[in-house]
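Trainee: build the 3D model from these lines:
(one chain, ligands or ions: 1)
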Amino acid sequence: MGVRFELQSCHEGLVEHGLIIPTGEPGVFGRSAVFEDVLERFNDLITQAGTEDRAETCVFPPVLNRRVLEKVNYLESFPHLCGSVHSFKGNALQALALAERARAGEDWGDMLGSTGVALTPAVCYPVYPGLAGTLPAQGRIISILGWAYRHEPSDEPTRMQSFRVREYIHAGTADQVSRWRDQWLARGIALLRALQLPVIEQVAADPFFGRAGRMMANHQVSQQLKFEVVVPVISMEEPTAICSFNYHQDKFGQVFGIRTADGEVAHTACLGFGMERVVMALFVHHGWKLAHWPEAVRQQLWPKGAPA
Ligand code: ZN
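Mentor: All right, here's what the predicted structure looks like:
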């Protein structure tokens, strides 16, 4: 029996086996303990693969200082994906009107005002401001697991509004950073193939907005600035990206004042594993019950004994 790559069967399988818990809003769902166990075990495997990096680990909340979005021109490139946090700042009378509208099922968004934060659209964004100044000779490597938000409501289970990404970020010289990215591309592919996922790499582009965005995407492809590792999850013809490798050249170095030890503007690269997507790929390829997964895969994920 072959693996079924269908939107319906993937979503139904995840729900029927209690792995995800629908909330009524497309692309927003709960994760079961079994789902989380696989995710955590995979996260540990990434940590092992990155041991050599001696990365600094840090944690940021899923909200981002709004200024960072402004500085990186996020609203020029991805206005359609942006999520901004708004809150109520009115008086008692306006509060009554707000509650009244909510009770009546009417829209109340225009009664809120913006706050200092937006939802983090890329897990590495909060890291760059903290790298300002002069880097040590070997540069800096940061490891982070965080939540990302994209306004892409969809019934397709791999297209979530809120999801986790495990990222590594390297700031250093152009040579250090691009060599490191290529090394991680090989590590990432080896890691996913060891879990018996039939992944391939491809040159990719970000989903930039509009006409100007198409030019930015073309530039990204021609300069090979972005690679993705893809695997069939919901479709054989259109495999899902589960890992991306991005070379930003000196963009963030310029914006945030990051310099190399010899005074040049630093280059940066990041790589990210889409954690929920990897977990879904494992369930689709190996079956809905962990007990049925190939023994070699179970041993990789649970070296001290796999769950029954
Ligand atoms: Zn990143």
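
Trainee: and the residue of the chain positioned farthest from its centre, what are its phi and psi?
Mentor: Going by CA atoms, centre = their mean, the residue of the chain most distant from its centre is residue 93, 41.3 Å out. Main-chain torsions, residue 93, degrees, to the nearest 10: phi -70, psi -40.

Trainee: what's the distance between it and the ion?
Mentor: According to CB to the ion, to the nearest Å, residue 93 stands 45 Å off from the ion. Any C-beta I mention is one placed from the backbone N, CA and C, and that applies to glycine too.

Trainee: give me the pLDDT for that residue.
Mentor: What the model reports as pLDDT for residue 93 is 97.

Trainee: what sits against the residue of the stretch 201-308 of the chain found nearest the ion?
Mentor: Going by CB to the ion, the ion is nearest to residue 270 of the stretch 201-308 of the chain, at 3.2 Å. For residue 270, the contacting residues are 124, 167-170, 245-246, 248, by CB atoms under 8 Å, 6 or more residues apart in numbering.

Trainee: shaky segments in this protein?
Mentor: 1-8 (pLDDT under 70).

Trainee: apply 90 and report the result again.
Mentor: For the chain, residues meeting the criterion pLDDT under 90 lie at 1-10, 155-156, 207, 210-216, 219, 223-224, 234-238, 305-308.

Trainee: residue nearest the centroid of it?
Mentor: Geometric centre of the chain, nearest residue: residue 165, 3.6 Å, by CA atoms, centre = their mean.

Trainee: what strands flank the helix or strand harbouring it, and is each parallel or antiparallel?
Mentor: If you go by DSSP states H and E, residue 165 is part of strand 162-172. Using DSSP bridges, strand 162-172 pairs in its sheet with strand 140-149 (antiparallel), strand 267-274 (antiparallel).

Trainee: for residue 189, which of those strands is the nearest?
Mentor: Across these, residue 189 has its closest neighbour in strand 267-274 (11.5 Å, CB to CB).

Trainee: which bits of the chain sit near the ion?
Mentor: Selection of the chain residues close to the ion by CB under 5 Å from the ion yields 122, 124, 270.

Trainee: how about the helices of the stretch 151-300 of the chain, start to end?
Mentor: If DSSP state H, counting those that start in this stretch is used as the criterion, the helices of the stretch 151-300 of the chain fall at 174-194, 210-222, 251-256, 275-286, 295-301.

Trainee: reformat the ones you listed as TSV; add mean neighbour count.
Mentor: Listed next are the helices of the stretch 151-300 of the chain as TSV, based on neighbours: other CB atoms under 10 Å:
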stretch	mean neighbour count
helix 174-194	17
helix 210-222	13
helix 251-256	19
helix 275-286	23
helix 295-301	15
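
Trainee: TSV please, covering the ones you listed and showing distance to residue 131.
Mentor: Listed next are the helices of the stretch 151-300 of the chain as TSV, based on distance: least, CB to CB, whole Å:
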stretch	distance to residue 131
helix 174-194	12
helix 210-222	22
helix 251-256	6
helix 275-286	24
helix 295-301	33
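
Trainee: in which helix or strand would I find residue 21?
Mentor: Residue 21 is part of strand 20-22 when elements are defined by DSSP H and E.

Trainee: what residues of that strand count as buried?
Mentor: Neighbour counts over strand 20-22 (16 or more other CB atoms under 10 Å) mark residue 20 as buried.

Trainee: check which helices and strands that strand sits against.
Mentor: In terms of contacts (3 or more CB pairs under 8 Å, 6 or more residues apart in numbering; DSSP states H and E), strand 20-22 is packed against helix 7-16, strand 29-31.

Trainee: could those go into a markdown table alongside mean neighbour count and distance to residue 237?
Mentor: Below are the helices and strands packed on strand 20-22 laid out as a markdown table (neighbours: other CB atoms under 10 Å; distance: least, CB to CB, whole Å):
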| stretch | mean neighbour count | distance to residue 237 |
| --- | --- | --- |
| helix 7-16 | 16 | 12 |
| strand 29-31 | 17 | 25 |
